[in-house]
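Visitor: Return atomic coordinates for the entry below.
(2 chains)
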There are 2 protein chains.
Amino acid sequence: MLEVNDRPGLRESLRAWKLAGQKTVLVPTMGNLHAGHLALVEAARQLADRVVATIYVNPTQFAAGEDLENYPRTPDSDREALRHSGCDLLFAPTGETVYPHGVEDAFRLSAPQGLASVLEGESRPGHFDGVVTVVSRLFCLVNPDAAVFGEKDYQQLLIIRRMVDDMGFDINIHAVPTVREGTGLALSSRNHYLDPAQHAAAQNLFAVLQETAALGAEVDADFFCLEEQAGEQLRRLGLEPEYVAIRRAGDLELPREGDRELRILAAVHCGTTRLIDNISLK
Amino acid sequence: MLEVNDRPGLRESLRAWKLAGQKTVLVPTMGNLHAGHLALVEAARQLADRVVATIYVNPTQFAAGEDLENYPRTPDSDREALRHSGCDLLFAPTGETVYPHGVEDAFRLSAPQGLASVLEGESRPGHFDGVVTVVSRLFCLVNPDAAVFGEKDYQQLLIIRRMVDDMGFDINIHAVPTVREGTGLALSSRNHYLDPAQHAAAQNLFAVLQETAALGAEVDADFFCLEEQAGEQLRRLGLEPEYVAIRRAGDLELPREGDRELRILAAVHCGTTRLIDNISLK
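Guide: The predicted structure follows:
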């Protein structure tokens, strides 16, 4: 596995592969890699000849007061994990490489309101603008044929797909199902913040989503009522819900008569830790 | 010359050239082509194997009350001019092709304040955000090796260069000197708005810039005083200056002790027509 941290090194590696006619797939991460990330790398290996993983904790997607400073950083174990998972190139840039003129003087991309202002966007103003700002940069720098994103961050996945379609990037976006512990808890770097009691409580999120999704898939289900009930249930189980929402899977709008592709999405607080999850209603 | 108007047709043409190892250069225009545009195409032919010109009057770079509706559109003569100038591909998309989700629901790029809020940016709020929004889309769609821009829109040229550098597009930006009438008037699609008397007055813009640039190149020149004098002179000659500014050529900041690369830039109103021009102080 090659490792480069600057733009010229990245370009040189990529150029050789492109000249050889090899297809490249990008796996963007913020590091602190777990089995969920490695499933992205595994999926990427099936999609193209060369897998480029990036590790960069992007400041522009964190709001003031969020966990930018404390976000777990584990470069040595990340490198080992990528090496053993068949990654061809690790690009782990500094801030100066991603934002050469500084974050304040950066060109910023903003996502359209409809998709980016609801759910996570409502809880985390500016978050998705930061995400598309950094992902568009990684797309420009790597110019991959494909890129892989996890369904765990479902709204992010939809926004990236829309960005690619809207702006005209010639990049195939591939989604990978969420990887879970045996208990059902979705893997997340933020699970490290949980103490054992919180970890036990956090497992209820997936159980409640499953139960609600099953009820929601029934004929004439009252989605608003189900969302309310799920919220109450989460509260009883020691989680503080920020939202529980049944939405159209394609655009996160409120379900309309006859919609078949639905998704239930939730964000909860478990102590001071914020967790998200989502599953299909089918 | 090929002509395509949709994304699949564009991709197909470009793919064939890329497979053949040919380099591509982009010449973005808003149509109504004059000798200034054709100089861009001529320069482009020297830079790469294949020249792609685009014609698209981009609504997001016009503010309310500007001349979007009246902007001159001459598709037939543009096509002929490009055909005779050695352009290989004309991409003349509709709005739906450039903004498939509509202008309101588009991902928008914004330029950093320092470079984009002064001079033209002060007179035309949001203008450069619209420019970088559409140019970044054309870069994504065409994915060229190089792109050509005129020095006539000097601030735009600097902002595009900065965008490419900041975001990491692998595209070489090539600048082409302003093309002028024998009288010195810079060629512009907006010159069509001028009646004969206004056209005669407009010629004074270049003369005043030349004179001021010569005085400004002298040792110990007082730039502020020269800008004031140039403004008064323009007014006497029937032009209403919006700004006359001597700035650092690289970043448009105020000149500092020892700066050698300077540019004088001006915007004037000639009747209801707004004209811009700029030259080097050397």
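Visitor: Give me the angle between the helix or strand A:G9 falls within and helix B:7-19.
Guide: Using DSSP states H and E, A:G9 sits in helix A:7-19. With axes from the mean of the first three to the mean of the last three CA atoms, to 10 degrees applied, the angle from helix A:7-19 to helix B:7-19 works out at 90 degrees.
Visitor: now stretch A:146-165, how far from the chain's geometric center?
Guide: 8 Å (CA atoms, centre = their mean, to the nearest Å).
Visitor: scratch that, stretch A:237-246
Guide: On CA atoms, centre = their mean, the centre of stretch A:237-246 falls 19 Å from that of its chain.
Visitor: buried sites along that stretch?
Guide: A:237, A:239, A:241-246 (16 or more other CB atoms under 10 Å in any protein chain shown). For the C-beta atoms, the positions are set from N, CA and C on the backbone; glycine is no exception.
Visitor: And those, which is closest to chain B?
Guide: Chain B lies nearest to A:A245 out of those, by CB to the nearest CB, at 20.4 Å.
Visitor: Quick check on the closest one: phi, psi?
Guide: The phi/psi pair for A:A245 (degrees, to the nearest 10) reads phi -140, psi 130.
Visitor: what's the neighbour count on whatever residue of the stretch 151-282 of chain A ends up closest to chain B?
Guide: The nearest approach of the stretch 151-282 of chain A to chain B comes at A:G168, 3.9 Å away (CB to the nearest CB). The local packing of A:G168 (other CB atoms under 10 Å in any protein chain shown) involves 23 other residues.
Visitor: mind checking how far it is from B:R124?
Guide: 25 Å (CB to CB, to the nearest Å).
Visitor: Need the residues that contact the helix holding A:G9.
Guide: A:2, A:4, A:24, A:49-50, A:52, A:89, A:91, A:93, A:97, A:141-143, B:168, B:170 (CB atoms under 8 Å, 6 or more residues apart in numbering or on different chains).
Visitor: Close to chain B: what parts of the stretch 151-282 of chain A are there?
Guide: By CB under 8 Å from any CB of the partner chain, the part of the stretch 151-282 of chain A that sits against chain B consists of A:162-163, A:165-170.
Visitor: if you set the cut-off to 10 Å instead, what comes out?
Guide: Within the stretch 151-282 of chain A, the positions near chain B by CB under 10 Å from any CB of the partner chain are A:159, A:162-171.
Visitor: in chain A, which helix or strand is least confident?
Guide: The least trusted helix or strand in chain A, going by mean pLDDT, DSSP states H and E, turns out to be helix A:113-116, with a mean of 93.
Visitor: other SSEs contacting it?
Guide: Counting by 3 or more CB pairs under 10 Å, 6 or more residues apart in numbering or on different chains; DSSP states H and E, the packing neighbours recorded for helix A:113-116 are helix A:120-123, helix A:127-142, helix A:154-167.
Visitor: Give me the contacts around that helix.
Guide: Under the contact criterion CB atoms under 10 Å, 6 or more residues apart in numbering or on different chains, helix A:113-116 has outside partners A:110, A:121-122, A:125-129, A:131-132, A:155-156, A:158-159, A:161-163, A:251-253, B:101, B:104-105, B:107.
Visitor: Where do the domain boundaries of chain A fall?
Guide: Taking automatic domain parsing as the domain assignment, the ranges for chain A are A:2-176, A:189-280.
Visitor: just those domains: most buried one?
Guide: Mean neighbours per residue, mean count of other CB atoms under 10 Å in any protein chain shown, is largest over those for domain A:2-176, with a mean of 19.
Visitor: related to what we said a few turns ago, with distance to A:V219 and mean pLDDT added, can I get the helices and strands packed on helix A:113-116 in a markdown table?
Guide: Shown next, in a markdown table, are these (distance: least, CB to CB, whole Å; pLDDT from 0 to 100):
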| stretch | distance to A:V219 | mean pLDDT |
| --- | --- | --- |
| helix A:120-123 | 30 | 95 |
| helix A:127-142 | 34 | 98 |
| helix A:154-167 | 25 | 98 |
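Visitor: and of those, who's closest to A:Q233?
Guide: The closest of the helices and strands packed on helix A:113-116 to A:Q233 is helix A:120-123. By CB to CB, the value is 20.0 Å.
Visitor: how about that closest one, does it get close to chain B?
Guide: No: residues of helix A:120-123 contacting chain B under CB under 10 Å from any CB: none, with a closest distance of 13.9 Å.
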